[in-house]
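Q: Requesting a structural model of the entry that follows:
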Amino acid sequence: MTDAPSSEPVKPKAPALAVLFSVVFINLVGFGLVVPLLPFFAQSLNAEAWQITLMFSAYSLGQFFAEPFWGRLSDRIGRKPVLLITVAANAVGYLALAFVPNIWLAIAVRLFTGLGAGNISTVQGYVADVTPPEQRAGRMGLIGAAFGLGFIVGPGLGGLLTQPQLGHIGYQLPIFTAAALAALAALGVLVFLRESRAKADPAAPRPAFLSGLHDARANPVVSRVLLVSLVYMAGFSAMESVFGLWAEDRYSWGAREVGLSFMIVGIVSTLNQGFLAGRLARTFGEARVLATGMLLFGASLIAQVVAPTRWFPAVSLDLGVFTLPVVQGWIIPIVMAVGACGMSLAMPNISAMISRSTPPDRQGAMLGLNMASGSIARIFGPMGAGALFSTLGHDWPFLVGAALTVPAAIMAINAGRAFRAQQAKVQAGTA
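A: Modelled structure (predicted):
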């Protein structure tokens with residue numbers, strides 16, 4: 001009888017956390033669904049390469065401003081209404097994208113959808129609200145798993161649902177699917193999610209936008225790692241935004257081949273983060289593993305450029321249910337898998353280095369700055385890639401991205417040295 005009162009509050013948490021997992025998962029599935037087809041969808045609207053990459057930047061620009069705004073608003077009015085608003089906005093944004101008549105409206109819709117997708121900080125806040133401190137690390141890990149799983153399912157599903165032979169309408173089915181999934185998630189928030197946030201004290205000070213920037217600049221580890229994050233994400237988002245155009249020009253690929261290639265990236269990244277990155281970091285240290293990941297990612301970008309166009313014949317992959325044609329360039333997904341290994345080594349070690357070199361009461365602000373750094377990279381990376389693609393040549397976004405990984409690796413090593421110096425000072429002070 002004494003166990004009943006303590007167990008009752010736990011009952012709504014399981015479906016609530018499942019809904020939260022689905023919110024993040026659907027954000028990434030929706031993002032992944034449209035990533036492979038966006039270049040081809042935009043071409044059906046007679047868009048230029050720079051306009052296509054601008055669609056990628058617009059989405060990230062929305063996320064950049066939305067994350068801190070929705071996070072602060074959820075502290076005041078509660079997590080549930082913010083999650084409901086943002087997920088519903090995703091559904092409306094995807095549905096609107098399917099019917100846009102021109103590229104400029106498509107860019108505006110992508111900006112709106114990015115504003116709705118900027119709810120990860122609100123999700124993390126809900127997890128912290130309903131989870132005991134000793135269990136938060138594991139529950140936050142579930143949110144990271146949703147990222148990886150969403151980026152596996154989204155691109156593959158988007159590629160399979162696309163029907164380019166039908167023209168413009170053939171690119172609408174994946175977008176309708178993304179809208180339906182977002183609507184389902186909004187229904188789950190409405191029905192299953194209980195409010196977790198106590199009413200905020202109106203007299204409590206509110207953190208400024210990008211609070212902690214001064215502290216980050218003064219921290220020799222965090223400042224370097226944020227630059228690594230900025231450079232690495234700019235290179236990846238640049239490749240991501242022009243890859244469809246590049247593959248179409250070089251190997252006559254369509255949305256299906258591009259989508260399945262990004263699905264491979266998601267699979268490799270998820271497996272490596274789950275089973276390899278932590279073990280390597282414990283053995284060799286975060287900074288060395290981070291630097292290695294940077295160089296591995298850069299090498300994969302160069303390998304994509306120098307991969308032969310005629311030495312490898314076209315082959316077909318028999319999946320039993322259907323036969324998937326793999327045209328020239330089947331070596332490219334293998335090269336991208338190598339790059340995914342480098343990316344998966346980078347992401348967790350960036351967060352780990354920031355966390356380990358920051359006081360507990362500042363970790364949230366520093367990790368938030370890291371998210372902002374990634375958003376900035378996703379804004380300007382595609383824009384730069386579009387300019388390079390249109391003016392200098394189709395290979396230049398990959399070559400410039402590869403070149404930037406070299407100073408990023410050097411900064412990672414220097415951040416490791418700064419961290420060891422910090423630890424030495426702490427030990428000397430406590431001796």
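Q: Check which helices and strands whichever strand or helix holds residue 107 sits against.
A: Element membership for residue 107, per DSSP states H and E: helix 103-117. Identification of packing neighbours for helix 103-117 by 3 or more C-beta pairs under 8 Å, 6 or more residues apart in numbering; DSSP states H and E yields helix 13-34, helix 38-43, helix 49-77, helix 79-98. Where you see a C-beta, it was placed from the backbone N, CA and C, and this is true even at glycine.
Q: Can you list the neighbours in contact with it?
A: Applying C-beta atoms under 8 Å, 6 or more residues apart in numbering, the contact partners of helix 103-117 are 27, 30-31, 41-42, 45-47, 51-52, 54-56, 58-63, 65-66, 85-90, 92-94, 96-97, 100.
Q: Likewise for stretch 24-34?
A: Contacts of stretch 24-34 with the rest of the structure, by C-beta under 8 Å, 6+ apart, involve 41, 59, 87, 90, 94, 97, 113, 117, 119-120, 123, 143, 146-147, 149-155, 157-158, 161, 174-175, 177-178, 181-182, 184-185, 262, 266.
Q: Buried subset of these, written for ChimeraX?
A: Per 16 or more other C-beta atoms under 10 Å, the buried members of the contacts of stretch 24-34 correspond to this ChimeraX selection:
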select :41,59,87,90,94,97,113,117,119,120,123,143,146,147,149,150,151,152,153,154,155,157,158,161,174,175,177,178,181,182,185,262,266
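Q: Helix 79-98 and the helix or strand that comes right after the helix holding residue 107, what's the angle between them?
A: Per DSSP H and E, the first helix or strand lying C-terminal to helix 103-117 is helix 120-130. Relative orientation of helix 120-130 versus helix 79-98 (axes from the mean of the first three to the mean of the last three C-alpha atoms, to 10 degrees): 150 degrees.
Q: Go through helix 120-130 and flag the buried ones.
A: For helix 120-130, burial by neighbour count (16+ other C-beta under 10 Å) applies to 120-127, 130.
Q: For residue 343, state which of the residues you listed is nearest.
A: Closest approach between the buried residues of helix 120-130 and residue 343, by C-beta to C-beta: residue 120, at 18.3 Å.
Q: Please report the distance of that closest one from residue 422.
A: 29 Å (C-beta to C-beta, to the nearest Å).
Q: Throw the helices and strands packed on helix 103-117 into CSV and include distance to residue 242 and mean pLDDT, thanks.
A: What follows is the helices and strands packed on helix 103-117, written out as CSV (distance: least, C-beta to C-beta, whole Å; pLDDT from 0 to 100):
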stretch, distance to residue 242, mean pLDDT
helix 13-34, 15, 75
helix 38-43, 8, 84
helix 49-77, 6, 83
helix 79-98, 20, 90
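Q: So for residue 280, which of the ones you listed sits nearest?
A: helix 13-34 (24.7 Å).
Q: Just the CA trace of that closest one, in CSV.
A: C-alpha atoms of helix 13-34 as CSV (Å, rounded to 0.1, in the frame of the first residue of the first chain):
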residue,chain,number,x,y,z
LYS,A,13,6.2,9.6,-17.9
ALA,A,14,6.6,6.5,-20.2
PRO,A,15,4.2,7.7,-22.8
ALA,A,16,5.3,11.3,-22.3
LEU,A,17,8.9,10.3,-23.1
ALA,A,18,7.8,8.2,-26.0
VAL,A,19,6.0,11.3,-27.4
LEU,A,20,9.1,13.4,-26.8
PHE,A,21,11.2,10.8,-28.6
SER,A,22,8.8,10.9,-31.5
VAL,A,23,8.9,14.7,-31.7
VAL,A,24,12.6,14.7,-32.2
PHE,A,25,12.5,11.7,-34.5
ILE,A,26,9.8,13.3,-36.7
ASN,A,27,11.8,16.6,-36.8
LEU,A,28,14.7,14.6,-38.2
VAL,A,29,12.6,12.4,-40.4
GLY,A,30,10.9,15.4,-41.9
PHE,A,31,14.2,17.1,-42.4
GLY,A,32,15.7,13.9,-43.9
LEU,A,33,12.7,13.3,-46.1
VAL,A,34,13.1,16.5,-48.0
